[in-house]
Each structure stands twice: as C-alpha cells, then as structure tokens.
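Undergrad: My questions are about this predicted structure, shown below with the sequence.
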Amino acid sequence: MFHLLQPPTSVKLRLCPSSSPLSSTVELATLLEQAGASWVTLHARHVSARRRRQGAADLDVVHALKKALKVPVISNGNVRTWEDMQKNKEETEADGIMVGETLLGNPWFVTVPHFLGLPSLMTRVVYLQMSSRIPFEYRLNI
C-alpha cells in the first residue's frame, strides 16, 4: 500500500468486535503495519450503535499494541484534562496522544503552561510555524 502513496499513510481503528478484542485488534494492527501503515492510532473502545462513547477506553489494548508494533502508536480516548493526557501516556507508553471531543469545548486545551514549557501565546506561534512547513497541497481548505 505505502509504495503507491507519496505522503505517509496512517490508520485509526477501534477495538475489534470479538470475544478477545486485545488479540484480534493487535492482529489487525499488525496486518496494517505489514501493509505499510506509517503509524497506527487506536481509539480503544468498541463501536456502539446506541451511544458514541460507551465506557472508558481500554488502555491495556493500546499498551499491548505499542509492545507488538514497530511503527509509532497513538492512543485515543479517556482524555478530558491535562492530567488525563499524562496518565494515558504513562499507562500506554504510546508515542503520542490524540485528543478529540475535549478540544471542541476547549480548543486551547494543550496550551497550558506545561506544554513544551512555553506560555500559551508562544505555543500558538510554534504551532503556526510547524503547520507552515506542511506542503500546500496537503493543507485543508478552510
């Protein structure tokens, strides 16, 4: 797959719907890594038709994924506060944390003084500098 695509290719998945979500999710992610995924993001919850977010994310599966794969693993789920993000990173040993709905209510969630050790305004400047390095054809038209 990755031979056909110029930009890096990532995948985001949820827990596999089986009697053993840990082993089947790790198996699927391993196949995706072999197919050329540059990194894998796991939202460690099952898909639910009744509710979008049913129960806490299973961070043990993220940790198992991190141990099984060679590519970077991003953990998604259970982050409402800065402390949640730190706890998630410690528990999963993931290479990064993806924050979703929390940012809808607080877009500057990551600009707390701890982030890169920089004040809020400086964090925004660093973000703008980093995003300006993205080739124009990959930017979203907003």
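TA: Cool, the structure landed. Numbering: from 1, shown residues only.
Undergrad: And the helices in the protein?
TA: For the chain, applying DSSP state H gives helices covering 21-34, 59-68, 82-92, 101-105, 120-131.
Undergrad: In the fourth one, which residues are buried?
TA: For helix 101-105, burial by neighbour count (16 or more other Cβ atoms under 10 Å) applies to Thr102. C-beta here means a position set from N, CA and C on the backbone, and glycine is covered the same way.
Undergrad: How about the first one?
TA: For helix 21-34, burial by neighbour count (16+ other Cβ under 10 Å) applies to 21-22, 25-26, 28-30, 32-33.
Undergrad: What helices and strands are in contact with it?
TA: Here helix 21-34 touches strand 10-14, strand 39-43, helix 59-68, going by 3 or more Cβ pairs under 8 Å, 6 or more residues apart in numbering; DSSP states H and E.
Undergrad: Identify the spatial nearest neighbour of Thr25, chain neighbours not counted.
TA: Cys16 (4.6 Å; Cβ to Cβ, 6 or more residues apart in numbering).
Undergrad: Pull the contacting residues for that neighbour.
TA: 24-25, 27-28 (Cβ atoms under 8 Å, 6 or more residues apart in numbering).
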